[in-house]
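[1] I'd like to go over a predicted model; first the sequence, then the structure.
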Amino acid sequence: MAKQVVEESVEDAEFRARARAFLEGAAKRKVKNREHEANLGNTNTSHEAEVAYAQSCRDWQRTLHDNGWAGITWPKEYGGLGLTQKHARIFAQEESKFAVSVGMLSVALQMVGPTIIAHGTEYQKREFLPKILNGTHYWCQLYSEPGAGSDLAGLTTRADLDGEEYVVNGQKVWNSGAQFADMGILLVRTNWDVPKHRGISYFLVDMHTPGVEVRPLVQITGHSHFNETFLTDVRVPIANVLGDIDDGWRVTQTTLMHERSMIGSGGTGVTFGAIADLAQRCGITDDLVMRQELAKSYTRFELLKWLGGRAKAAAAAGNPLGPESSVMKLLVSTRVERDGDLLMAMEGANAMLSNADAPDGGSWQQIFLSQWAVRIGGGTEQVQRNVLGERVLGLPGEPRPDKTLPFKDVARN
């Protein structure tokens, strides 16, 4: 089947040319090798490597900002370019050809920024958005807790009003990049006398505040991407409450939709081209079963590409993110699971090796092992299916008396 070609307008072609000219002068093109294609298969798990990567993301974001390419779709009054999602997509397509990344700033740029734009006060927009765009502030997400993961609304981190500040006590976990963060988006319980979804507030917390303790967690890959964060008498100004007190769940939904869309459009960083290249080098391209699995993998990549385009088209038309974010997140979870199995099957017995002993220095083993971070983060497959079943298909939800009881009366571990 011939590949469909979508013609660009003269304006879009000119924008692409300007983006390409900037990138050619500011960055190095990717070398077409496996290390760049499988960038999340990095086997260097040292703290120094993580610090260097975090700094490189800040540096590139600063370069984008200083040259007028930051916040392509953000409002001009807050430092953005005020352009469309189509422009952002064109720039991302060109940027993907170069060895640069703002990966460590993704939470700030793709989740926090849009949420502040949607719900923030004028003070919050002018205080925080510019520092996101110029790379000054790195943000983390302080949502999940040891007793509130998939049931996020069951969180028990509490905030008590004391004058013009809230005093926060509790524990968070699975906080990506919190060890590098300057700021965090924090969910707390401010009302125990109402049902759980109605007593949550959304704070913007300075991670350097006394009482914030971040402890990195070593994952199965050897990396310490995730953390647990302890909050002991942490003081947060009332001015840093995003949205209304006790209305944080509504604000949270904005962040979660952007997170699912981000994961859905970003995936794991590995491309089908890299998978096909590995298949050729493993000598399995004549195996009929493997060829079928490769065809399925290609189909999954293409479906995600078109779903992402659909979501961006909806955004360009001014429509809010909807169920497509959960559809993409679910498909990404399926893809990383099945492609992970495919990668190991292609390597055969070599799949049992690691690091320097394994093909390509063990980067494919890293991708296989890291799949659970993608599948759990942003909501598990089971959570996405519940969301789609109840909110899209209109199926009846499971009986949940804890959704109507005052939270103080809900039985907890």
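    Ah, there it is.

[2] Helices of this structure, start to end?
    Counting by DSSP state H, the chain has helices at residues 10-26, 34-37, 47-66, 85-95, 106, 113-119, 122-133, 248-266, 272-282, 288-316, 324-347, 363-369, 371-376, 381-387.

[3] what comes into contact with the first one?
    Contacts of helix 10-26 from elsewhere in the structure, counted by Cβ atoms under 8 Å, 6 or more residues apart in numbering, are 8, 63, 67, 69, 86-87, 90-91, 93-95, 97-98. Yep, even glycine has a C-beta here, placed from its N, CA and C like the rest.

[4] Any quick ChimeraX command for the buried ones out of the residues you listed?
    Buried residues within the contacts of helix 10-26, by 16 or more other Cβ atoms under 10 Å, are selected in ChimeraX with:
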select :63,69,86,87,90,91,94,95,98
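
[5] Need the max-distance pair from the contacts of helix 10-26.
    Greatest spacing in these, by Cβ to Cβ: Glu8 and Thr63 (25.7 Å).

[6] returning to that earlier point: can you lay out the contacts of helix 10-26 as CSV showing distance to Ala279 and pLDDT?
    Formatted as CSV, these follow (distance: Cβ to Cβ, whole Å; pLDDT from 0 to 100):
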residue, distance to Ala279, pLDDT
Glu8, 32, 81
Thr63, 36, 97
Asn67, 39, 97
Trp69, 36, 96
Lys86, 34, 86
His87, 35, 92
Ile90, 31, 92
Phe91, 31, 94
Gln93, 25, 88
Glu94, 28, 94
Glu95, 27, 93
Lys97, 23, 89
Phe98, 26, 92
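
[7] isn't Arg189 right up against Tyr202?
    No - counting by Cβ atoms under 8 Å, Arg189 stays clear of Tyr202, with 11.5 Å between them.

[8] so what's Ile132 up against?
    Ile132 neighbours (Cβ under 8 Å, 6+ apart): 105, 108-109, 112-113, 139.

[9] Looking at these, which one is closest to Asn350?
    Asn350 lies nearest to Leu105 out of the contacts of Ile132, by Cβ to Cβ, at 35.4 Å.

[10] Lowest-scoring secondary structure element of this protein by mean pLDDT?
    When the helices and strands of the chain are compared on mean pLDDT, DSSP states H and E, helix 34-37 comes out lowest with a mean of 42.

[11] Just give me the longest strand of this protein.
    What stands out as the longest strand in the chain, according to DSSP state E, is strand 227-237.

[12] Walk me through the domains of the chain.
    For the chain, automatic domain parsing gives the domain ranges 10-101, 140-245, 267-379.

[13] could those domains be laid out in TSV, adding distance to Thr121?
    Shown next, in TSV, are the domains of the chain (distance: least, Cβ to Cβ, whole Å):
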stretch	distance to Thr121
domain 10-101	12
domain 140-245	8
domain 267-379	21
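
[14] which of those sits most buried?
    The highest mean neighbour count among the domains of the chain, using mean count of other Cβ atoms under 10 Å, belongs to domain 140-245: a mean of 19.

[15] May I have the distance across that one, first residue to last?
    Its start and end residues considered, domain 140-245 measures 21 Å (Cα to Cα, to the nearest Å).

[16] now do stretch 61-77
    Stretch 61-77 has an end-to-end distance of 19 Å (Cα to Cα).

[17] now Val188, which residues is it bridged with?
    Ser201 (DSSP bridges).

[18] contacting residues around Ala279?
    Residues counted as contacts of Ala279 (Cβ under 8 Å, 6+ apart) are 285, 290, 294, 346.

[19] do you know how far it is from Gly273?
    Remark: distance between Ala279 and Gly273 (Cβ to Cβ, to the nearest Å) = 11 Å.

[20] The longest strand of the chain pairs with which strands, and in what direction?
    Each strand paired with strand 227-237, and its direction, by DSSP bridges: strand 165-173 (antiparallel), strand 212-216 (antiparallel).
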